[in-house]
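Novice: Got a sequence here, can you build the structure:
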Amino acid sequence: MLLPGLAVPGASGKGVPAPPAITIPRTDRPLTLDDLLAGGPSSDRAVAIKDFYQMDPHEGEPISQPTTAYLAYDQHYLYVGYICVDSEPQNIRAHINRRGDILSDDWVEIVIDTYLDHRRAFNYGVNPLNIQDDITFSEEGGEDRSYDGLWYSETRLTKFGYVALMKIPFKTLRFSPAPEQTWGIFLGRKIQRLNEYACWPRYSRAISGFLIQEGEARGLQNLSRGKNLQVIPYGFFSSRRFLDKETNRLVQDRLTQRLGVDVKWLLASNLTLDVTVNPDFSQIESDEPQFVVNRRFEVFFPEKRPFFMENTSFFETPINLLFTRRIIDPQFGLRLTGKVGPYSIAALAADDRSPGETVAPDDPAFGHRAFFNVFRFSREFGKGSHLGVEWSDREFLHAYNRVFGIDARWRVSPTMNLNLQALRSFTRDLKGVRKQGTALSAELFRTSTHLQYYLNYADYAPGFEVASAFIPRVDLRSVEGYVGYRFRPEGRWVIAYMPHISSGVLLDHRNLRQEYEFNPGLSVAFARSTQASAHYGYKRERYQGIDFLKRRYTGMIESSPKRWLTAALSFEWGEQINFNPAVSSQPFLGSESDLSFNLTVRPATRVSISNTVLQSRFLTLTDKRNVFNTSIFRSKWNYQFTRRLSLRAIGQYSNILPAAPLSSLEHTKTLAGDLLLTYLVHPGTALYVGYGNMLENYSRSALHGAGVLQRSPADLLSTSASLFIKFSYRYDF
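Specialist: Sure thing, here's the model as predicted:
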């Protein structure tokens, strides 16, 4: 969602003021940019809204710059126009960026809850140079940036500020078939240099939840839903060379191709059916860098493949049963999502060829594939409460993993929510060994203008397993809590500050304590888009039968003081466990420092340069000997020739430098780069041309030979190079 920092639980009418309502008139003539430049359409053609109130920095005060929004509709479109006055028009922040990259600029938006259920909404925004951004938002899951709707917009910078017009086709939305509609809406404007966000209707942090405070838009009658059948065929062609690390040979694939089609069909019952044949799972966007060295558990990387990303909020529960990166190489996929009255339905089915592709030809599993099925069904009660059931299943040959469960969300009060979930899994592996286990979760949240707290209980049995989920640890019982109090002086320099404390204890199922931690901290929001925080961490952690005491200190600051500059710096230091000691050695406690720095500059309207530095250093506690160093340096450049055409270049260097007597980590160096030329007509219709190359520090002496491939301190060998072309075309019926 474009609104910052609103992924909070809740939504209920209990104790919440009645929402303001407007009636949107039906117009015989479409709204145009000229209407806005002339001072706005007449009242018989559009309803005007001027009562915008700040959420930040001064909650409840009128917007500092006059703003008027106009809404109208005809049979096929919803029109949203903005006249944005600015006393310093020369300081309006606006860049010609890639689609979806407007959060560092000024922008306007509309949030539309078409079912008026206060749970999910569509969000459309545009900056002063007509760069679009659209997402979906749910109270339970927050933002979902995978959504790409086809809609239209125009903007114009003026002497007094700027104007913007959004034209949203009804067939892009999902809504009930009733002849007369009442929708929930929010309207908002961001003034970046003032760190100001203002909206209609007025938003209060004293009420838990965002959509529960939306206004009501009435008078929408006989809207055209269209057939809403969407077909996107695509082609992916590549030529690559890679190092086969089993044979020590460079393998050349002269040309590989992948053709497929995605079909989206809006059913009459408001369910959306997505079917894909040979799906487009090529990943154009690269993963953001993060520390992966000396981590005890698996590191989470978010999904970026288009088919799996959309409508994930329908599957979300406190313990999510769906992490689609577990489905590695599918050939087909099917997804059904939607809402019928108070009922929400989500189902996903896909195959995965990877289990049969990663074994030797003489293995019985060779050539076979796994099958994933995930289902969730929920019913709403009142506003903000629901009861759901879920199921997941992975089948491979005669092995399986099946999980059944229930979840509930109860709106206790306008500021408090309770989430509950219970699951049971049944697993049989390829050797016929069976196991089963349960998982329980209970979360109590309270959020208000000042006081915030939560209490969480989790229980994962040793035999619990979900093959389709990201659950890095089982055999635990944990209780954790958090409490914070936000002071809002809303002064010239300090907008808000919040001291807070979190604490937790984790036991295994033998009731042996595995972890205990206590973390006080302070967060401060300053003027001019600047935030800072400091934390102290006290933690006892048991690992391989040894009890370790760790003290950690963290500081962070991020700021966007200028239209061309955004920076973020965090530094953490203290004791940490060496999870990768030398072979035959025990883990030991050392001193670790982690640095993360990001600097984004925009030297011109069309240019964006983002640089990231991650560095981690681990020393022994007593004599300060080096155990390992690891670094990542990444630079990402983007030039936007036009709103459709862009060129992106990424260069990244990373290394791991261990001290052999103290660490079992491998000495690695990697240098990677890629270029991507994008021509994006609109979502679904695009052409991509890309090249990537990765070099690693392998010795050339063993290449093409029978010896073991060795790491080299000096050599850099190209281990993966590829050139690709991808195109897709969207047909709407």
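
Novice: from memory Ala350 sits against Arg326, does it?
Specialist: No. Checked against C-beta atoms under 8 Å, the pair Ala350 and Arg326 is beyond contact range at 10.1 Å. C-betas here are computed from N, CA, C, even on glycine.

Novice: So for the two, which residue has more residues nearby?
Specialist: Set Ala350 next to Arg326 and count neighbours by other C-beta atoms under 10 Å: Ala350 wins out with 23 against 16.

Novice: joint contacts of Ala350 and Arg326?
Specialist: Residues touching both Ala350 and Arg326 (C-beta atoms under 8 Å, 6 or more residues apart in numbering) are Phe372.

Novice: quick one, strands of the stretch 501-650 of the chain?
Specialist: Here the stretch 501-650 of the chain has its strands, by DSSP state E, counting those that start in this stretch, at 513-526, 530-543, 546-562, 565-577, 589-604, 607-620, 626-640, 645-658.

Novice: And the stretch 251-400 of the chain, by the same measure?
Specialist: Under the criterion DSSP E, counting those that start in this stretch, strands of the stretch 251-400 of the chain are mapped to 271-277, 332-340, 343-352, 370-381, 385-396, 399-413.

Novice: Output those strands as TSV; include the columns mean pLDDT.
Specialist: Below are the strands of the stretch 251-400 of the chain laid out as TSV (pLDDT from 0 to 100):
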stretch	mean pLDDT
strand 271-277	88
strand 332-340	90
strand 343-352	93
strand 370-381	94
strand 385-396	95
strand 399-413	94
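
Novice: Just send those strands back as a markdown table, with distance to Pro233 too.
Specialist: Shown next, in a markdown table, are the strands of the stretch 251-400 of the chain (distance: least, C-beta to C-beta, whole Å):
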| stretch | distance to Pro233 |
| --- | --- |
| strand 271-277 | 10 |
| strand 332-340 | 15 |
| strand 343-352 | 19 |
| strand 370-381 | 24 |
| strand 385-396 | 29 |
| strand 399-413 | 34 |
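
Novice: So for Arg510, which of these sits nearest?
Specialist: Closest to Arg510 of the strands of the stretch 251-400 of the chain, according to C-beta to C-beta: strand 399-413, at 24.2 Å.

Novice: buried ones in the closest one?
Specialist: Residues 399-403, 405, 407-412 are the ones in strand 399-413 that count as buried (16 or more other C-beta atoms under 10 Å).

Novice: and if you look at stretch 637-645?
Specialist: 638, 640.

Novice: now stretch 113-123
Specialist: Buried residues in stretch 113-123, counted by 16+ other C-beta under 10 Å: 113-123.

Novice: now, which of these sits nearest Asp106?
Specialist: Distances from Asp106 to these, taken by C-beta to C-beta, are shortest for Asn123, at 16.5 Å.

Novice: mean confidence score for stretch 641-656?
Specialist: Mean pLDDT, computed over stretch 641-656, is 94.

Novice: Other residues contacting that stretch?
Specialist: Contact with stretch 641-656 is made by 96, 98-99, 130-131, 286, 289, 293, 606, 628-640, 665-681, as judged by C-beta under 8 Å, 6+ apart.

Novice: so where is the stretch 51-200 of the chain shaky, pLDDT-wise?
Specialist: Within the stretch 51-200 of the chain, the segments meeting pLDDT under 70 span 141.

Novice: hey, where'd the strands end up in it?
Specialist: With DSSP E, counting those that start in this stretch as the criterion, the stretch 51-200 of the chain has strands at 53-56, 67-73, 77-85, 107-113, 120-126, 132-138, 142-144, 152-157, 161-169, 180-191, 196-200.

Novice: what comes into contact with the last one?
Specialist: Read that as strand 196-200. 3-4, 20, 49, 51-57, 62-64, 67, 69, 186-191, 215.

Novice: switch the cut-off to 6 Å
Specialist: Applying C-beta atoms under 6 Å, 6 or more residues apart in numbering, the external contacts of strand 196-200 come out as 49, 51-56, 63, 186-190.

Novice: Going by neighbour count, list what's buried in that strand.
Specialist: Applying a neighbour-count criterion of 16+ other C-beta under 10 Å, one finds 196-200 buried in strand 196-200.

Novice: Tabulate those residues (a markdown table), appending distance to Gly384.
Specialist: What follows is those, written out as a markdown table (distance: C-beta to C-beta, whole Å):
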| residue | distance to Gly384 |
| --- | --- |
| Glu196 | 29 |
| Tyr197 | 23 |
| Ala198 | 25 |
| Cys199 | 20 |
| Trp200 | 22 |
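
Novice: Based on its surroundings, how many neighbours for Phe315?
Specialist: Close neighbours of Phe315, defined as other C-beta under 10 Å, add up to 23.

Novice: Ile102 too?
Specialist: Quick note: Ile102 (other C-beta under 10 Å) scores 25 neighbours.

Novice: What of Pro472?
Specialist: Around Pro472 there are 11 other residues, counting by other C-beta under 10 Å.

Novice: just Arg510 next, same as before
Specialist: 7.

Novice: What of Leu675?
Specialist: Applying other C-beta under 10 Å, we find 16 residues neighbouring Leu675.

Novice: Three-state assignment for Phe464, please.
Specialist: State at Phe464, reduced to three classes by DSSP: H, G, I helix; E, B strand; the rest coil: coil.

Novice: Contacts only, for it.
Specialist: Applying C-beta under 6 Å, 6+ apart, we find Phe464 in contact with 425, 437, 439, 474.

Novice: Of the residues you listed - the most surrounded one?
Specialist: Highest neighbour count within those, by other C-beta under 10 Å: Ser425, with 26 neighbours.

Novice: Just give the closest residue to it, not the sequence neighbours.
Specialist: Once flanking residues are discounted, Ser425 sits nearest to Val403: 4.5 Å by C-beta to C-beta, 6 or more residues apart in numbering.

Novice: So that neighbour sits against Arg424, correct?
Specialist: No. Using C-beta atoms under 6 Å, Val403 makes no contact with Arg424, being 7.1 Å away.

Novice: Skip the chain neighbours and tell me the closest residue to Arg625.
Specialist: Leu619 (6.5 Å).

Novice: Can you spell out which residues form a bridge with the one you found?
Specialist: Beta bridges link Leu619 to Ser591, Asn626, judged by DSSP bridges.

Novice: give me the number of residues near it?
Specialist: As a measure of burial, Leu619 has 18 neighbours, counting by other C-beta under 10 Å.

Novice: how much space between it and Ser593?
Specialist: Separation of Leu619 from Ser593 (C-beta to C-beta, to the nearest Å) stands at 8 Å.

Novice: next one: Trp564
Specialist: Distance, Trp564 to Ser593, using C-beta to C-beta: 31 Å.

Novice: now swap in Gln586 and tell me
Specialist: Separation of Gln586 from Ser593 (C-beta to C-beta): 23 Å.

Novice: Of these two, give the one with the bigger neighbour count.
Specialist: For Gln586 versus Ser593, the count of surrounding residues by other C-beta under 10 Å is larger for Ser593: 15 against 11.

Novice: Tell me the pLDDT of the residue lying closest to the more buried one once chain neighbours are set aside.
Specialist: What sits nearest to Ser593 in space, not counting adjacent residues and going by C-beta to C-beta, 6+ apart, is Trp573, at 4.1 Å. Looking at Trp573, its pLDDT is 96.

Novice: Cross-check the contact I'm expecting between Trp573 and Asp594.
Specialist: No. The pair Trp573 / Asp594 is not scored as a contact, 7.4 Å apart, by C-beta under 6 Å.

Novice: Of these two, which one has the most company?
Specialist: Asp594 (19 against 16).

Novice: That one: what's it in contact with?
Specialist: Neighbour list for Asp594: 572, 616 [criterion: C-beta under 6 Å, 6+ apart].

Novice: Going along the chain, name the helices of the stretch 1-150 of the chain.
Specialist: 33-37 (DSSP state H, counting those that start in this stretch).
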